[in-house]
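Colleague: Have a look at this fold, sequence not included:
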């Protein structure tokens with residue numbers, strides 16, 4: 001288990017789109033606004049967990065952490081929110097994963113990058 005706190009960086013793009021990057025497990029999602037972004041992130045997270053479980057594999061085990069450049073943005077980022085499962089923001093359901101522990105111990109910590117990306 002790499003972390004019980006899953007760190008997610010939210011990056012506003014100059015185009016008006018939003019990008020979410022999971023630092024602990026390199027999962028990336030994009031949306032036109034924050035609710036759409038969280039839905040897209042949950043879709044990708046749940047997809048990785050579900051597919052691995054269907055194959056009898058450990059979910060997220062094969063995913064590397066995000067590149068270091070995102071760690072630096074996260075360290076300087078603005079706290080958006082921190083939530084435990086199963087009460088994520090905007091009512092989006094995220095599946096727990098046996099790799100990261102019991103869902104009661106799993107928290108998603110979201111930070112926004114302070115500088116919009118091109």
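Modeller: Cool, the structure landed. The structure displayed is predicted, hence computed values, not measured ones.
Colleague: so residue 111 is in which element?
Modeller: Using DSSP states H and E, residue 111 maps to strand 107-112.
Colleague: For this protein, just list every one of the helices.
Modeller: For the chain, the helices defined by DSSP state H occupy 34-54, 68-75.
Colleague: List the buried residues of stretch 45-65.
Modeller: Buried residues in stretch 45-65, counted by 16 or more other Cβ atoms under 10 Å: 45, 46, 48, 49, 52, 59, 60, 63. From N, CA and C alone the C-beta is placed, and that goes for glycine too.
Colleague: Check stretch 69-86 too.
Modeller: Using 16+ other Cβ under 10 Å as the test for burial, stretch 69-86 gives 70, 73, 74, 77, 85.
Colleague: and which of those residues is nearest to residue 14?
Modeller: residue 73 (15.3 Å; Cβ to Cβ).
Colleague: Surely that closest one touches residue 112?
Modeller: No - with contacts counted by Cβ atoms under 8 Å, residue 73 stays clear of residue 112, the gap being 9.4 Å.
Colleague: which residues do these two both contact?
Modeller: 9, 11 (Cβ atoms under 8 Å, 6 or more residues apart in numbering).
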